[in-house]
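1. Any chance you can model this:
(2 chains)
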Amino acid sequence: MNRSFKLVEFFSDRKATFYTVLFDGEELTEGDKFLNNEQITQNRAFADLKHYFFNMLEKYGAQQQFFKHEGRQHDMVRAYYVRRGNLRWYCVYWSREMVIFGNGGVKRVAKTQDDEHLKESEYAMRWVNQCIEKALEEGRFSVDYDGKITGITTFNAEEF
Amino acid sequence: MDKQKTQQIREEFKQLESPNARLIDKQMEISSQISRYLQQQGLTQKELAQKADMGESQLSEIMRGEGNPTLKTLVKLEEALGQDIIVAPSFHEEQMTRKGFASVLPKDRAFIQSKEREETVVVRVGNKWELKRELTKAYSEEVEYVPGEFSEEDNNVTALVS
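-> Here you go, the predicted structure:
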């Protein structure tokens, strides 16, 4: 999954800016793939997820407690999830003002590793996290107080 | 990137309406309120669960904005935090006015209140606050606000008892 990618704005409002990831050669961003996945759009909790999602953008910000830690210890990989429909939406959680959403799905297995699609979605976000952390160390990546990325948004795989 | 397809997907997502919208709003409000108190008091969720004598997973569900706590559970949390989590708007309004805060009613409503011997009343006429009259007895009334029709006898004002 070590592919070049761009961070593109997904949705933005008063309380937060959400980004998503466009991998090289793809027509859709990871976030749009999630929203275009029939398994997800037909899920009984999909409309609820939309309401939570826009409430974060407009009213509450992306408060940490709404996200579940899913990656490795100390990284920023989380899953936004609605338990009622077993929905998992992987992301890199930066702050209350900024989150980068990837892909995800419906979790029907005990361990994410047992579902190839979920595993891929999570690992993709681990890669994004790894690149951002490196860019951060090098002073090439930053986010301003209202959640807008001010550093690089294009990440070439060779550099990371 | 396929911009047209992307736009269509996002537009469809925006149009979705949840039948649980109001419930979700309340769940997120409660979660945000507790989260604010936790930060103010330097408490963790685990510590709050212990203080409130409730399961960590139950609190975690509430904090994720997915819980459906009973009033009894909320009261336990309020006691543990020493703060209100839920308030009834009209009683809250009355309390705030009594404490000397300006009324925060909708535009078409006004609220006048005083206690015995509290005689100086500042009233709002349009955008201005003016010292208008003295009240000599307990007085509390919510009235309709009719812009431009204020007179000395009218109650069409928002009042702050000093």
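
2. Count the neighbours of B:E29 for me.
-> Per other C-beta atoms under 10 Å in any protein chain shown, the neighbour tally for B:E29 reads 16. Heads up, the C-betas are built off the backbone N, CA and C, glycines and all.

3. and it, that one's in a helix?
-> Yes. Using DSSP: H, G, I helix; E, B strand; the rest coil, the assignment for B:E29 is a helix.

4. what bits of chain B have low per-residue confidence?
-> Residue ranges of chain B with pLDDT under 70: B:92-162.

5. just the strands in it please.
-> Ranges of strands in chain B, per DSSP state E, are B:109-114, B:120-125, B:128-134, B:139-144, B:158-161.

6. Repeat that for chain A.
-> So, for chain A - with DSSP E - the strands run A:5-12, A:17-23, A:67-69, A:77-82, A:87-95, A:98-106, A:154-155.

7. distance between the fourth one and the chain's centre?
-> What separates the centre of strand A:77-82 from the centre of its chain is 8 Å, taken as C-alpha atoms, centre = their mean, to the nearest Å.

8. Just the C-alphas of it, formatted as PDB.
-> Output of strand A:77-82 as PDB, limited to C-alpha atoms (Å, rounded to 0.1, in the frame of the first residue of the first chain):
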ATOM      1  CA  VAL A  77      -5.100   6.000  13.100                       C
ATOM      2  CA  ARG A  78      -8.600   5.800  14.400                       C
ATOM      3  CA  ALA A  79     -12.000   4.500  13.300                       C
ATOM      4  CA  TYR A  80     -15.100   6.500  13.200                       C
ATOM      5  CA  TYR A  81     -17.800   4.000  13.900                       C
ATOM      6  CA  VAL A  82     -21.500   3.600  14.500                       C
END
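
9. just to revisit the earlier point, will you turn the strands of chain A into a markdown table that also has mean pLDDT and mean neighbour count?
-> Shown next, in a markdown table, are these (pLDDT from 0 to 100; neighbours: other C-beta atoms under 10 Å in any protein chain shown):
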| stretch | mean pLDDT | mean neighbour count |
| --- | --- | --- |
| strand A:5-12 | 96 | 19 |
| strand A:17-23 | 97 | 24 |
| strand A:67-69 | 90 | 16 |
| strand A:77-82 | 91 | 23 |
| strand A:87-95 | 94 | 24 |
| strand A:98-106 | 96 | 25 |
| strand A:154-155 | 94 | 17 |
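
10. can I get the ones you listed in CSV with distance to chain B?
-> Output for those, formatted as CSV (distance: least, C-beta to the nearest C-beta, whole Å):
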stretch, distance to chain B
strand A:5-12, 7
strand A:17-23, 6
strand A:67-69, 8
strand A:77-82, 7
strand A:87-95, 11
strand A:98-106, 12
strand A:154-155, 13
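
11. Between those, which one is closest to A:Q39.
-> Nearest to A:Q39, of all the strands of chain A, is strand A:98-106, at 5.6 Å by C-beta to C-beta.

12. Show the contacting residues for B:K76.
-> For B:K76, the contact set (C-beta atoms under 8 Å, 6 or more residues apart in numbering or on different chains) comprises B:A52, B:D53, B:M54.

13. what is the orientation angle of the longest helix anywhere in chain A with strand A:5-12?
-> Using DSSP state H to assign secondary structure, the helix with the most residues in chain A is helix A:116-137. On the basis of axes from the mean of the first three to the mean of the last three C-alpha atoms, to 10 degrees, helix A:116-137 is oriented at 100 degrees to strand A:5-12.

14. For helix A:116-137, what does the pLDDT average out to?
-> The pLDDT scores in helix A:116-137 average 94.
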